[in-house]
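Compute the structure for the input listed below.
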Amino acid sequence: MTYIVMQFIIFSVTFVYIFKKDRFFGIFYLLLYIYAFFPEIAYLYYPELIIYLGFYYGDDVFFKYLTFVSLSFISIFIFFVSFYPLLIKNKMLYKVHKSQLASSLRIIFYLYIILHLFFTLILFFKFYHMLDYTLVNDQYFQKQQGFLFSFFLISLNLFSPIIIFVLYVLLRQKRKISFLSITTILFLIEIILLIIISLKISRRLVLVSIIVGIIIYEIQNLKSLNLRFLLKSFLFLSVFFILVDEVFKSRNPLVLYSKVLHNDYLAPSKILFTAIAYNIVDPVEVIKSNFFNSLIMFHYPYLWEIVLEESRIASSAIYILSEGYLFLGSLGFIYNGLIIFCGIGFWRSMALSNNKNYNNFILGLFGISLVAITRGQSCYFFKYFYFYFLQGVFLYYLATGLIPKPYNFLKFLK
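This is a model prediction of the structure:
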């Protein structure tokens, strides 16, 4: 327990510094800690839970895990302190201007949302009897159902979160919200439909991701933050995650404490414990997996498929700090610091415009992907850029007429 307390102290000191400098970086840093803290507590005090999940390797591996993760936090902090000032040095990477076709574009935006709802509802009723957690996570079953079934599931993760977030931002930017407005009606239908489907297939990650995006958007809009606000927010999120876990995993055969510990933030660490236990280091495979999975249609195995031999769909995912160990072994914390700063820094640079509201929208948009990045590979930094960011920017352009215009890019690179 002493080492966990030491790690908490290291995290707390570095988190306060990072969060004060950049709230977006700070939230991601907090998520990294959450995905390490709960596996550590479970491993140390409830080993039967870890045995149940299949990655208990004894005290020596636990100490190495704790040390590696702690060094990774320090590495990320050092890269942040060293290079963050350079990232925001020019303050502005591009300008945002409003298109003269804004009113016409808005009509296209609402038609797109209506069409999305129309097809989602049709496919929901068409596949209603197939929407079961086991079937949805069976890749062979998905192939048997054809393109429409796969597209329906992809739409829930790819299109719905962005549409809901854009509609939310449009509502928040209005001086007065009317419950009879088309924006409000479409937002409510979209979010209710997504909740119903998510409950049916026991997938809560998409809902949590939207909430994280909204939280980041709201935090960016606040002029100042205090410790009391942060504590209340953390308490609220903790209670929320526990309640959602109760709804989605009511059939969990484990005892009561598993309702808190046995969650999405526990299993991703399985790959890091396993890599440490068997000293699995393969930098070539890490590079190949990240390269091919940053693109589409290659179907190259993710790292968890390679190390844990799990399927592409139903898997434990991967705690992103695991990648550093797989690439460089015990020195992989250096890799973690570099890759994570570069990835988050790349996303953060997309919010360097002359329009504060637009910047806040961009950070909230990227915030939707933070949870997935924490439990994914570094290739997601690029993949989610063209999956979520470009889609979100385009929809926001249709809704508001606001569009980025290159301004200071060459100066930014100097």
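
start to end distance for stretch 132-145?
Taking CA to CA, to the nearest Å, the first and last residues of stretch 132-145 lie 14 Å apart.

how about that stretch: buried residues?
By neighbour count with 16 or more other CB atoms under 10 Å, stretch 132-145 contains the buried residues Val136, Asn137, Gln142. Backbone N, C-alpha and C define where each C-beta goes, glycine included.

same question, stretch 27-36
Burial within stretch 27-36, assessed by neighbour count using 16+ other CB under 10 Å, is assigned to Ile27, Phe28, Tyr29, Leu30, Leu31, Leu32, Tyr33, Ile34, Tyr35, Ala36.

Please tell me how far that stretch is from the chain's geometric centre.
11 Å (CA atoms, centre = their mean, to the nearest Å).

next one: stretch 195-215
Stretch 195-215 sits 12 Å away from the centroid of its parent chain (CA atoms, centre = their mean).

and that stretch, how far apart are its ends?
Terminal residues of stretch 195-215 lie 18 Å apart, using CA to CA.

Not counting its neighbours along the chain, what's nearest Lys21?
Distances taken as CB to CB, 6 or more residues apart in numbering put Tyr84 closest to Lys21, at 6.3 Å, once the chain neighbours are dropped.

and the nearest residue to Ile114 once chain neighbours are set aside, how many neighbours?
In space, not counting the residues next to it along the chain, Ile114 is nearest to Leu186; the distance is 7.3 Å by CB to CB, 6+ apart. Burial measure for Leu186: 20 neighbouring residues, criterion other CB atoms under 10 Å.

one step back: looking at the buried residues of stretch 132-145, which is nearest Ile195?
Minimum separation from Ile195 among these (CB to CB) is found for Val136, which lies at 15.9 Å.

who's in contact with that closest one?
Met130, Gln142, Leu153, Ile201, Arg203 (CB atoms under 8 Å, 6 or more residues apart in numbering).

after the helix or strand containing Leu153 comes which helix or strand?
Element membership for Leu153 (DSSP states H and E) is helix 147-158. Once the chain leaves helix 147-158, the next helix or strand it forms, by DSSP H and E, is helix 160-172.

Mind listing what's buried along that next one?
By neighbour count, and taking 16+ other CB under 10 Å as the criterion, the buried residues in helix 160-172 are Ser160, Pro161, Ile162, Ile163, Ile164, Phe165, Val166, Leu167, Tyr168, Val169, Leu170, Arg172.

Where does pLDDT dip in this protein?
Scanning the chain for pLDDT under 70 picks out the ranges 224-263, 310-316, 406-414.

From the chain's centroid, how far away is the longest helix that it contains?
Selection of the longest helix in the chain by residue count, based on DSSP state H, yields helix 59-87. Mean C-alpha position of helix 59-87 versus that of the full chain (CA atoms, centre = their mean) differs by 19 Å.

likewise stretch 203-222?
Taking CA atoms, centre = their mean, one finds stretch 203-222 lying 9 Å from the centre of the chain it belongs to.

And for stretch 206-223?
In terms of CA atoms, centre = their mean, the centre of stretch 206-223 is found 12 Å from the chain centre.

thinking again about what came up before, so which elements touch the longest helix of the chain?
Counting by 3 or more CB pairs under 8 Å, 6 or more residues apart in numbering; DSSP states H and E, the packing neighbours recorded for helix 59-87 are helix 2-21, helix 23-45, helix 270-278, helix 322-328, helix 332-349.

Sketch out the helices for the stretch 101-250 of the chain, chain order is fine.
102-126, 133-136, 139-145, 147-158, 160-172, 182-201, 205-221, 227-248 (DSSP state H, counting those that start in this stretch).

For those helices, could you give me CSV that also reports distance to Leu402?
Supplementary listing: the helices of the stretch 101-250 of the chain in CSV, determined by distance: least, CB to CB, whole Å:
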stretch, distance to Leu402
helix 102-126, 8
helix 133-136, 37
helix 139-145, 38
helix 147-158, 23
helix 160-172, 11
helix 182-201, 16
helix 205-221, 15
helix 227-248, 29
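
Of all those, which one is nearest Tyr335?
For Tyr335, the closest of those is helix 205-221, at 25.2 Å, according to CB to CB.

What lies in contact with that closest one?
Contacting residues not belonging to helix 205-221 are listed as 23-24, 27, 31, 156-157, 160-161, 164-165, 168-169, 172, 194-195, 198, 225, 233, 237, 240-241, 244, 264, 359-361, 363-372 [CB under 8 Å, 6+ apart].

So which bits of it are buried?
Within helix 205-221, the residues that count as buried by 16+ other CB under 10 Å are 206-217, 219-220.
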